[in-house]
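Colleague: need coordinates for the following:
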Amino acid sequence: MKDVLLSVEDLSCGYGKELILHDMDFKVYRGELMCIIGPNGSGKSTLLRTISRILKPHRGKIFLDGKNITRMRHKEFAQKIAVVSQTLESTGMTVQEYILLGRLPYFRKYQFFETNNDEDIVQKYMKLTDALKLKETLMSEISGGERQLASIARALTQEPALLLLDEPSSGLSPKLRELVFKKIVDINELGTSLIIVEQNARMALAVSHRGYVLEMGKNRFEGEAKSLLSNDEVKTLYLGG
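Modeller: The predicted structure follows:
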């Protein structure tokens, strides 16, 4: 029997009184790479924002490791789920300083500096994401693709059970897009579960185990990624034929 990591049950959510998502039910299994695809306005990012507790559900519940996420302390939640959003920061910090911020959920009370263990973890994920060579460079001086990799590295230093990626290939060149997706596969192979929200449906399905296709706030198709890639209706509507 598969080990359920995340369970979304009867979820409806949106902004103010406007509902964007309706009656969503799905599970993410431990060690799984899952993608959510669909046209603009279908509710993909809204779903990710609700799972990451930026938005409160209008109805329904979300469980992580069997625990309702609304009842988790902020620090506990940040140690379990990490998010890489569409809006990437361009700060005056160096890449290494920026990535080190991912260790904050593990800082003890009155701890103001990183430990040797924190530094080792940061080095590990800078290597994994090819960000190590940029460690002394300012975040404001690197490319969008490099900033994406640095943001993924920072999220990984939280050592999350689940990593949420919102449009990880947005605005990237084909070469960088391919690199980012390769790193996503590498991360998953190390045991981290991932949910990818992605406009590039074909590429997302190509690297995922399972996929969900949203349309107008509802789940229209779901299943193994290979099956969705070969589904004639999915191909016509979402993969360009």
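Colleague: which element follows the host helix or strand of Leu214 toward the C-terminus?
Modeller: Using DSSP states H and E, Leu214 falls within strand 210-215. Proceeding N to C from strand 210-215, the next assigned helix or strand is strand 218-224, under DSSP H and E.
Colleague: output the next helix or strand after that following strand as CSV, restricted to C-alpha atoms.
Modeller: Counting by DSSP H and E, the next helix or strand C-terminal to strand 218-224 is helix 225-230. Only the C-alpha atoms of helix 225-230 are listed here, as CSV (Å, rounded to 0.1, in the frame of the first residue of the first chain):
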residue,chain,number,x,y,z
ALA,A,225,1.7,10.8,-16.6
LYS,A,226,2.4,8.4,-19.4
SER,A,227,-1.3,7.7,-19.9
LEU,A,228,-2.1,11.4,-20.0
LEU,A,229,0.7,12.0,-22.6
SER,A,230,-1.0,9.4,-24.9
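Colleague: all strands for this structure, in order.
Modeller: Listed in chain order, the strands found in the chain under DSSP state E are 4-15, 18-29, 33-37, 59-64, 67-68, 81-84, 162-166, 193-197, 210-215, 218-224.
Colleague: geometric centre of the chain: which residue is closest?
Modeller: Compute the mean C-alpha point of the chain, and by CA atoms, centre = their mean the closest residue is Leu164, 1.5 Å away.
Colleague: beta-bridge partners for that residue, please?
Modeller: Counting by DSSP bridges, Leu164 is bridged to Val83, Ile195.
Colleague: next one: it from Ser173, what distance?
Modeller: 24 Å (CB to CB, to the nearest Å). Heads up, the C-betas are built off the backbone N, CA and C, glycines and all.
Colleague: same deal with Lys127?
Modeller: Going from Lys127 to Ser173 by CB to CB gives 23 Å.
Colleague: for the protein, give me the ranges with low pLDDT.
Modeller: 1, 88-90, 110-113, 241 (pLDDT under 70).
Colleague: got the contact list for the residue nearest to the centre of the chain?
Modeller: Leu48, Ile51, Ser52, Ile81, Ala82, Val83, Val84, Leu194, Ile195, Val197 (CB atoms under 8 Å, 6 or more residues apart in numbering).
Colleague: ok, for the third one, nearest residue in space, not its chain neighbours?
Modeller: Here the nearest residue to Ser52 in space, its sequence neighbours aside, is Val83; by CB to CB, 6 or more residues apart in numbering that works out to 4.7 Å.
Colleague: that neighbour: how many residues sit nearby?
Modeller: Neighbourhood size, Val83 [other CB atoms under 10 Å]: 21.
Colleague: I'd say it and Leu162 touch.
Modeller: No - counting by CB atoms under 8 Å, Val83 sits too far from Leu162 to count as a contact (9.5 Å).
Colleague: coming back round to it: in a markdown table: the strands of the chain, plus distance to Asp232.
Modeller: Formatted as a markdown table, these follow (distance: least, CB to CB, whole Å):
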| stretch | distance to Asp232 |
| --- | --- |
| strand 4-15 | 28 |
| strand 18-29 | 23 |
| strand 33-37 | 16 |
| strand 59-64 | 32 |
| strand 67-68 | 39 |
| strand 81-84 | 33 |
| strand 162-166 | 28 |
| strand 193-197 | 23 |
| strand 210-215 | 13 |
| strand 218-224 | 11 |
